[in-house]
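**Q** sequence? don't have it. structure:
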């Protein structure tokens, strides 16, 4: 049996998703075509729209459809506080604790020299110019408490302290080795309240 | 933080994939937007194309971009043999054994009364009219050897024998309870050679 162009292309394309191998991709393709063509059409459009419309916020670097995201434009937020997180998920977790009313900077990654991820890849220049805008008084480092997150926090801390900024780190209420995204909100709230100047 | 329209829509849409929950969907969305926008664009186009182009073969019922698929149009195949399988994956497995040169009918499912899947859902009328075209001499039932696959084979066997067709079943070289897609080609080859009239 010769494989079909469109079907083969769909299976191949589904393998671009993280954690999806050839068998899963084929099962997904068959499932969508046989049982959920509407879902396939919706997903196709959602992907195309997302790629076209979503860029990075000019201010905080998170995903945004506008040049500056809604959080950065929020007038009630405390512009003297800047919280640095690795991913939008981490930012969402902190928002859910309701203990922080400042602004954010989303690195979209972490330093990881072994994987070739250096300061440029986590947009450090953008962070420095954002943090030295004259309004920010304190930078709260909320990278993960993994080895790489700690190294990232240390690196950023040194860089920003050299420019005269106050730098703090989430308190160690967060379990060592844990990732923010999977910690309960109470623990993150405790860590936010207990943050200390480094 | 307010969620973004396009990003939220993408996460929601990714959940239409089988086996993908909210956390995986979000991770997939972030991964694509951050690390593989090209992949996201390709997948979007592949989905749209597949939904637009792929229909069911008028003859064997498998996925096809043309009205009749390439396998059914293949002039060297033995038109007196018709092999009934549940899915295109099963058909592909049988093709790989190189022991079968007839044609196929793909049910795109199996009888499962508990799930409300009856004879109509597995295109039984289409199968009957295909099998009674005057050329087909023998129908080889190659549904899975699960309870549902066996019940499906039994039901089809009774229906076609009532119309005077010879009906055979893959030999029980295939382990009971196993699914064709995951059995080694040697076992399927043995079962194809040992098929017996029911």
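**A** Perfect, I can see it now. All figures in this text were calculated on a predicted structure; none of them were measured in a lab.

**Q** avg pLDDT for stretch A:138-149?
**A** The pLDDT scores in stretch A:138-149 average 91.

**Q** and that stretch, which residues are buried?
**A** Neighbour-count burial for stretch A:138-149 flags A:138-146, A:148-149 (criterion: 16 or more other Cβ atoms under 10 Å in any protein chain shown). To be clear about C-beta, it is placed using only N, CA and C from the backbone, and glycine gets the same treatment.

**Q** can you list contacts of the longest strand seen in chain A?
**A** Longest strand in chain A, counting residues (DSSP state E): strand A:78-85. With Cβ atoms under 8 Å, 6 or more residues apart in numbering or on different chains as the test, strand A:78-85 has contacts from A:91, A:94, A:100-107, A:127, A:130-131, A:135-143, A:153, A:156, A:180.

**Q** strand partners of that strand, parallel vs antiparallel please.
**A** Using DSSP bridges, the strands paired with strand A:78-85 are strand A:102-106 (parallel), strand A:138-141 (parallel).

**Q** and that strand, how far out from the chain middle?
**A** 15 Å (Cα atoms, centre = their mean, to the nearest Å).

**Q** cool, and stretch A:101-118?
**A** Worked out by Cα atoms, centre = their mean, stretch A:101-118 lies 8 Å from the chain centre.

**Q** quick one: terminal-to-terminal distance for it?
**A** Across stretch A:101-118, the terminal residues are separated by 30 Å (Cα to Cα, to the nearest Å).

**Q** and the helices in chain A, which stretches?
**A** With DSSP state H as the criterion, chain A has helices at A:5-14, A:22-35, A:37-53, A:70-73, A:88-97, A:124-131, A:147-161, A:185-193.

**Q** okay, those in a markdown table with distance to chain B next?
**A** Below are the helices of chain A laid out as a markdown table (distance: least, Cβ to the nearest Cβ, whole Å):
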| stretch | distance to chain B |
| --- | --- |
| helix A:5-14 | 4 |
| helix A:22-35 | 5 |
| helix A:37-53 | 3 |
| helix A:70-73 | 5 |
| helix A:88-97 | 5 |
| helix A:124-131 | 15 |
| helix A:147-161 | 16 |
| helix A:185-193 | 14 |
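
**Q** can you tell which of the ones you listed is closest to residue B:119?
**A** helix A:22-35 (17.0 Å; Cβ to Cβ).

**Q** buried ones in that closest one, by neighbour count?
**A** Applying 16+ other Cβ under 10 Å to helix A:22-35 flags A:24-33 as buried.
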